[in-house]
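Visitor: just coords:
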DNA sequence: GCCTAAAGTAAAGTATACTTTACTTAATGA
DNA sequence: TCATTAAGTAAAGTATACTTTACTTTAGGC
C-alpha cells in the first residue's frame, strides 16, 4: 500500500516526530509507514483518518 | 472496533466460508473479525471494502 | 432423535505491526 | 567548521493478525 502521509504532514508543517506524538506511536513507526515498509493496523489508520479529517481511502491506496 | 460484516453477509446470503473464500483468508479469520476478536489488517479491510463496494468507515467503527 | 451445514472456539505455529535503543545521514544556520 | 534538528535505518524484543487442525455447539429438515 502507498500513502499520502508525507504530503499531509508537509501541508501542516509537521515533523515525523510531531505526527508520531499525535498518533501515540513511535517516530520509527511513522517513518516506516511513510516509507512503505509496512502498513498501519486498522485502528492506527482510523486514528490517521480522524487526525487528518479524511477518509482512509484518501490517505492509503492499494498498489 | 466493531463492524457490520454479519449484516453485509446476510444481505448477500453468504456464509462465513463464502466470505473467507472471497477474501482469500481462513474461515476462522472471518469468524474472529466478525466476533470482534481482532481487527483485520489494513489490506484486508481494503479487500472487504472493495468486495462490499463500501467505504471502510461504513463497515468498521471505533468503539 | 438423527443428520447436516454453519457457526463458534481453542491451541500452536508463522507473519507482520510496533517498541526501544542506538547509530548514521542530510540539511541548515551560527 | 561545528552544532542542531529531522529523517533514515537496523537489531532485538513484544503484540497482534492470520493459518491449520480439530473439536464443539446450534439450528433446521427429515
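Guide: On my side now, so go ahead. Keep in mind the model is a prediction, meaning the values are calculated, not measured.

Visitor: so which bits of chain A are right by chain B?
Guide: Contact residues, chain A versus chain B (C-beta under 8 Å from any C-beta of the partner chain): A:1, A:39-43, A:45-46, A:49, A:55-57, A:60, A:62. From N, CA and C alone the C-beta is placed, and that goes for glycine too.

Visitor: what's the burial count for residue A:42?
Guide: 24 (other C-beta atoms under 10 Å in any protein chain shown).

Visitor: thinking again about what came up before, give me the subset of the residues of chain A next to chain B touching DNA strand C.
Guide: A:39, A:40, A:41, A:43 (C-beta under 7 Å from any atom of the strand).

Visitor: so which of these is the most crowded?
Guide: residue A:40 (24 neighbours).

Visitor: tell me the pLDDT of that residue.
Guide: Looking at residue A:40, its pLDDT stands at 98.

Visitor: let's verify the residue lying closest to it once chain neighbours are set aside: helix, strand, or coil?
Guide: Closest residue in space to residue A:40, ignoring its immediate chain neighbours: residue A:33 at 5.3 Å, by C-beta to C-beta, 6 or more residues apart in numbering or on different chains. Of the three states, residue A:33 takes helix according to DSSP: H, G, I helix; E, B strand; the rest coil.

Visitor: next up, the contacts around residue A:33.
Guide: A:3, A:5, A:39, A:40 (C-beta atoms under 8 Å, 6 or more residues apart in numbering or on different chains).

Visitor: re earlier: CSV for the residues of chain A next to chain B, including distance to residue A:25?
Guide: Formatted as CSV, the residues of chain A next to chain B follow (distance: C-beta to C-beta, whole Å):
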residue, distance to residue A:25
A:1, 17
A:39, 13
A:40, 8
A:41, 10
A:42, 14
A:43, 11
A:45, 12
A:46, 13
A:49, 15
A:55, 20
A:56, 16
A:57, 21
A:60, 16
A:62, 22
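
Visitor: helices - which of the residues you listed land there?
Guide: A:42, A:43, A:45, A:46, A:49, A:56, A:57 (DSSP state H).

Visitor: having no further points to raise, I will conclude here.
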